[in-house]
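Student: Next comes the sequence, and after it the predicted model I'd like to discuss.
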Amino acid sequence: MNFSQIAIGLFVCSLAFFIVYVILMVYFKSLTLKGQDVNFRNSYPYEIYSKLSIPNRILLYGSLFLNGILGALGLSFSFMSLNSNYSFIIGVVYSVSFICLIASNVLSLNFYKSHLLTSLCGILGFAFASILCCFITVIPEALGPEKTFYLPICIIIGVLGFLVLFSCFNPKLLSWAKMDKAEENGKTIFLKPKVNYLALYEWLVYIFYNVISLIIFISLFF
């Protein structure tokens, strides 16, 4: 069994757990958490998990961790199959940064340094690996002998990578800890902003990792 075949099996399992995670999240968000102040635009993943019962949290954690670990391994093996140092670096960066993002997904802001470190590693690592992947067909010896990587795939992955990189220059990203002031019965209260960009980026980049996994998975059949 070669690296490509191992990667295919890992991706199948990883994407299956991603689907389970999405179904569970939509179900809990629509029913269990209906009416509560949790929104994908301004709530960190751990905030949603913390409002669920322990059995429900275990279901989400299990599908999340298995999706992340298997997906990271799938990305690693798929790029190892391209048989070059350049592709190996891409696979390692994708794998490590995916695991970092999964870690930030469950880390409370009570541990804000760890949360920020893993979150930024996950987001910037995705951007860096995707941009490297974008140029894999034009850099000499970036692919091993008799290996191919299709240009449309490079373009799609590169676009996602540059979008994430440019989004990191959003000045509102620095307001990740700020709350909005409001008046209620003559008292000043603090509310979540309509959009917390760090929380939103964590959700989006997590989805992007699985989009990349699906794209690479499909490419392994050609």
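Tutor: All right, it came through fine.
Student: in this protein, which spans are helices?
Tutor: Per DSSP state H, the chain carries helices over the ranges 3-27, 45-50, 54-80, 85-106, 112-134, 151-167, 197-219.
Student: wait, which of the ones you listed is closest to residue 141?
Tutor: helix 85-106 (7.1 Å; CB to CB). Every residue, glycine included, has its C-beta placed from N, CA and C.
Student: Give me the helices and strands touching that closest one, please.
Tutor: helix 45-50, helix 54-80, helix 112-134, helix 197-219 (3 or more CB pairs under 8 Å, 6 or more residues apart in numbering; DSSP states H and E).
Student: Kindly recompute the last result at 6 Å.
Tutor: Secondary-structure packing of helix 85-106 (3 or more CB pairs under 6 Å, 6 or more residues apart in numbering; DSSP states H and E): helix 54-80, helix 112-134.
Student: relative to helix 197-219, how tilted is the first one?
Tutor: Calculated by axes from the mean of the first three to the mean of the last three CA atoms, to 10 degrees, helix 54-80 forms an angle of 50 degrees with helix 197-219.
Student: just checking, what packs against helix 54-80?
Tutor: For helix 54-80, the packing partners by 3+ CB pairs under 6 Å, 6+ apart are helix 3-27, helix 85-106.
Student: and if we set it to 8 Å?
Tutor: Against helix 54-80 (3+ CB pairs under 8 Å, 6+ apart) you get helix 3-27, helix 45-50, helix 85-106, helix 197-219.
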